[in-house]
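Undergrad: give the three-dimensional model of this entry:
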Amino acid sequence: MQDVKQIYYHFLEHHDWKVYIACTVKGLCYVGTEHSSMNELVSCCRKQFPNCDIIENEEKLTPYKNELIEYFEGKRTSFSFPFDIRGTTFQMAVWKALQEIPFGQSRCYSDIAFKIGNPKAVRAVGTAIGSNPVAIVIPCHRVLGKNGTLTGFSGGLDIKEKLLNLEGITYKP
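TA: Take a look at the predicted model:
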């Protein structure tokens, strides 16, 4: 029998930022933008942790909330808290490569494919990026199309633009 995990969530609103966040006792497991929904949070959490109980608890999210607020206010360029995320070996490699993109810089999909040692897997990299359960924190918004073009973002292109602007990253609309 699988362990039943407690997942705690909170809808964080700070100025014009709105995000759903969730964690286990081991770390952050979900970040969804204002375009996501409670249903998406539940679906993503249950996909990663099939027997989880999902409980609203702002206090459990305090360390994550505080760092996200600092980031939104331009006072933080990286996050120090742990993650508790599940994915395939390929997805985990892609998500690790995303974490290595410095604040204020961008990469293209082929850069990520090359970084993980699979230069022909550009489309698969895009799919893995789209499956990132902790958007913003694992910075999938820093990945642009060839020549710096603005491309898809599961949290909404308007949010991607907002994040890129926050970090001072130039892009082509």
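Undergrad: state which strand of this protein is the longest.
TA: strand 6-14 (DSSP state E).
Undergrad: mean confidence for that strand?
TA: Summarised as a single mean, pLDDT over strand 6-14 is 97.
Undergrad: after that strand comes which helix or strand?
TA: Counting by DSSP states H and E, the next helix or strand C-terminal to strand 6-14 is strand 17-23.
Undergrad: what pairs with that next one, and is each one parallel or antiparallel?
TA: strand 6-14 (antiparallel), strand 28-33 (antiparallel) (DSSP bridges).
Undergrad: ok so, going back, for the longest strand of the chain, list the C-alpha coordinates in CSV.
TA: These are the backbone C-alpha positions of strand 6-14, laid out as CSV (Å, rounded to 0.1, in the frame of the first residue of the first chain):
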residue,chain,number,x,y,z
GLN,A,6,-0.7,15.3,3.1
ILE,A,7,-0.5,18.1,0.6
TYR,A,8,-1.1,21.6,1.9
TYR,A,9,-2.2,24.4,-0.4
HIS,A,10,-2.8,28.1,-0.4
PHE,A,11,-3.9,30.7,-3.0
LEU,A,12,-1.3,33.5,-2.7
GLU,A,13,-2.4,37.0,-3.7
HIS,A,14,0.3,39.7,-3.6
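Undergrad: circling back to that earlier point, tell me which of the strands paired with strand 17-23 is the most buried.
TA: strand 28-33 (a mean of 24; mean count of other CB atoms under 10 Å). No exception for glycine: its C-beta is placed from N, CA and C like everyone else's.
Undergrad: show me how far that strand is from its chain's centre.
TA: 6 Å (CA atoms, centre = their mean, to the nearest Å).
Undergrad: cool, thanks, talk later.
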